[in-house]
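A.B. asks: predicted structure and sequence below. I'll ask about it afterward.
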Amino acid sequence: MPLNDTALNYGNAAIQVDKLKYASLHLSLPNSSGSGTTSAARKLIVWDTAASGDMIATTDLLFTGGASLGTVGWVGFWDAGPTGGNFMGYLSVTGDGAFNASGEYTLTGITITGTAS
C-alpha cells in the first residue's frame with residue numbers, strides 16, 4: 001500500500017518545523033548549495049497545517065532590499081536564517097517575476113504538492 005495522506009502530513013509537519021524554515025529569492029537556477037540568491041534577506045516561512053499530503057504557506061512573504069526591477073525566478077528553502085544553514089531545494093516562481101522599483105517583492109503563497117502513490 002502506498003503512503004496515505006495522514007502519513008504524508010506527519011512527514012510534512014516534521015519537514016516544515018526542522019528543514020524548510022526560511023525562503024530566499026534567486027536570480028538564476030540554484031545549484032545544490034543555493035547559488036544565485038538576490039540581495040534580499042531570507043524570510044521565515046509561516047506554514048499552514050499540512051493537509052491532503054501537501055505543504056502550503058498562505059502568509060505572504062515581503063522581501064526587501066532587492067535590485068530595483070530585478071528578476072526573481074526561483075524561491076529557495078533553507079533550514080536556517082538569515083544566513084548559514086543548509087539549502088533544501090527550490091521551486092520556480094510563477095506570476096510576477098520582478099522586484100518593484102523600491103526593491104520589494106511579495107511572495108504570495110507556497111504550495112509543495114505531495115502524492116500518496
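C.D. replies: Sure, I can see it.

A.B. asks: next, the distance between the ends of stretch 44-57.
C.D. replies: In stretch 44-57, first residue to last residue: 11 Å (CA to CA, to the nearest Å).

A.B. asks: outside of that stretch, which residues touch it?
C.D. replies: When contacts are defined by CB atoms under 8 Å, 6 or more residues apart in numbering, stretch 44-57 is touched by residues 5, 8-9, 12-13, 15-16, 20-23, 58-59, 61, 77, 81, 109-116. Backbone N, C-alpha and C define where each C-beta goes, glycine included.

A.B. asks: now with 6 Å, please.
C.D. replies: Under the contact criterion CB atoms under 6 Å, 6 or more residues apart in numbering, stretch 44-57 has outside partners 5, 8-9, 12-13, 16, 22-23, 58-59, 110-114, 116.

A.B. asks: buried set for that stretch?
C.D. replies: Buried residues in stretch 44-57, defined by neighbour count with 16 or more other CB atoms under 10 Å: I45, W47, A50, G53, D54, M55, I56, A57.

A.B. asks: need those in JSON lines (columns: secondary structure and pLDDT).
C.D. replies: Formatted as JSON lines, the buried residues of stretch 44-57 follow (DSSP: H, G, I helix; E, B strand; the rest coil; pLDDT from 0 to 100):
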{"residue": "I45", "secondary structure": "coil", "pLDDT": "95"}
{"residue": "W47", "secondary structure": "coil", "pLDDT": "92"}
{"residue": "A50", "secondary structure": "coil", "pLDDT": "82"}
{"residue": "G53", "secondary structure": "coil", "pLDDT": "81"}
{"residue": "D54", "secondary structure": "strand", "pLDDT": "86"}
{"residue": "M55", "secondary structure": "strand", "pLDDT": "88"}
{"residue": "I56", "secondary structure": "strand", "pLDDT": "89"}
{"residue": "A57", "secondary structure": "strand", "pLDDT": "92"}
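
A.B. asks: tell me the one among those nearest to G85.
C.D. replies: Top of the list for closeness to G85, among the buried residues of stretch 44-57 and by CB to CB, is I45 at 13.0 Å.

A.B. asks: measure that closest one to N9 for me?
C.D. replies: Separation of I45 from N9 (CB to CB, to the nearest Å): 17 Å.
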